[in-house]
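**Student:** Okay, sequence plus prediction incoming.
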Amino acid sequence: MQLPRLTSGPFRYQARADSYLRAARTHTSLPVKQTVIAPSALSLLYPAEGIDGYPREAFLADLGDQAKAEIRGCLKAGAHLVQPTSATPGWR
C-alpha cells in the first residue's frame, strides 16, 4: 500500500465524508452508516524526517481537529453511525 505523503502544513481534509453521506441519503430513507478514515491511519502521512516549519505536534493537533469536525459533520448530516476505519478505497 502506498500512502500519500504530507509535504507541508497545515493539515486539512480536501473532501469531507458528510458530502458522500448527503449524496447517499438522497437514495434512501433507511439509516446510513458512514465510514471515516481513522486519525491513526492518517497519522502515517507525516514523514519520519519531519516537515520544516510544521512540527509533528502541530500536525497531530490539526489532525485531531479535522477528525472531530469530520465525525460531527457526519452526525449533523444524519448518519445513523459513524465508523472509523483504517483502510480507504484507492489506497493500495
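**Tutor:** In hand now; what should we look at?

**Student:** Skip ahead from the helix or strand containing residue 40 and say which helix or strand is next.
**Tutor:** Secondary structure assignment for residue 40, by DSSP states H and E: helix 39-42. Using DSSP H and E, the helix or strand that follows helix 39-42 in sequence is helix 56-76.

**Student:** So what touches the helix or strand just after that next one?
**Tutor:** Moving toward the C-terminus from helix 56-76, the next helix or strand (DSSP H and E) is strand 81-85. With C-beta atoms under 8 Å, 6 or more residues apart in numbering as the contact definition, strand 81-85 has outside contacts at 17, 31, 33-39, 41, 71, 74-75. Bear in mind the C-beta positions are built from the backbone N, C-alpha and C, glycine included.

**Student:** residue ranges with poor pLDDT in the protein?
**Tutor:** For the chain, the stretches flagged by pLDDT under 70 are 1-2, 87-92.

**Student:** So which residue is dead centre in it?
**Tutor:** residue 37 (4.6 Å; C-alpha atoms, centre = their mean).

**Student:** what pairs with that residue across the strands?
**Tutor:** Beta bridges link residue 37 to residue 85, judged by DSSP bridges.

**Student:** Roughly how far does it sit from residue 24?
**Tutor:** 17 Å (C-beta to C-beta, to the nearest Å).

**Student:** can you check residue 67 too?
**Tutor:** Counting by C-beta to C-beta, the gap from residue 67 to residue 24 is 20 Å.

**Student:** same check, this time on residue 6
**Tutor:** Using C-beta to C-beta, residue 6 is found at 29 Å from residue 24.

**Student:** cool, residue 71 as well?
**Tutor:** According to C-beta to C-beta, residue 71 and residue 24 sit 16 Å apart.
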